[in-house]
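J.: got a predicted structure here, sequence first:
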Amino acid sequence: MVSRVIGALCAGMMCASRLAAQTPQHGSWDVTTTIQGTPSGDTKSTKKACLSAAQTANGFEQAILDISASDGGPPKSGPKCSLKDLKRDGGSSSWQSTCDGPRGALQGVGYATIEANRANLTQSFEMKTPFGAMKLKQIIEAQRVGDCQ
């Protein structure tokens, strides 16, 4: 009986340590964004930002998307995506998004894999144009590079 209780406690501690390892750490992050499917070809950019403990614990996906959308100014200075129906399961998450861009709003879906020091986020959109539907994909690779300065 005692061995079963100890085994259950150890299994619970492994689950807790696994969950902690999937919570992103606050600090300085490099965020590289690739946009695929635009008429002018793929684009790629990298930005650096400092994420607070509150951002990494409660709104990490939104914080990374805001950094990705920034135009070099404050994180919310570029096109803005808002998430709804955010679902998290361990180190994975999924959502629906609406992004306001220069040609109007885009509806899409996104998903992410998140670890303590890195994350990969992908959003897929279909934009209606006079020439037919255009599929866009946003791929974001985020890497924690140290403490904030």
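T.: It's in. As the structure is a computational prediction, the values presented were derived from the model and not from experiment.
J.: mind listing the helices for the chain?
T.: For the chain, the helices defined by DSSP state H cover 2-22, 53-58, 60-69.
J.: and the contacts of the shortest one?
T.: The set of residues that contact helix 53-58 without belonging to it, under C-beta atoms under 8 Å, 6 or more residues apart in numbering, is Thr23, Pro24, Gln25, His26, Ala63. For the C-beta atoms, the positions are set from N, CA and C on the backbone; glycine is no exception.
J.: and the spatially most central residue of the chain, how close does it get to Asp42?
T.: In the chain, the C-alpha closest to the average C-alpha coordinate belongs to Glu61, at a distance of 3.6 Å (C-alpha atoms, centre = their mean). Per C-beta to C-beta, to the nearest Å, Glu61 is found 22 Å from Asp42.
J.: how about Ser82?
T.: To Asp42, Ser82 is 25 Å away according to C-beta to C-beta.
J.: cool, Glu141 as well?
T.: From Glu141 over to Asp42 the distance is 14 Å, taken as C-beta to C-beta.
J.: quick one on the thing from earlier: ranking the helices of the chain by mean pLDDT, which is last?
T.: Across these, the stretch with the lowest average pLDDT is helix 2-22; it has a mean of 44.
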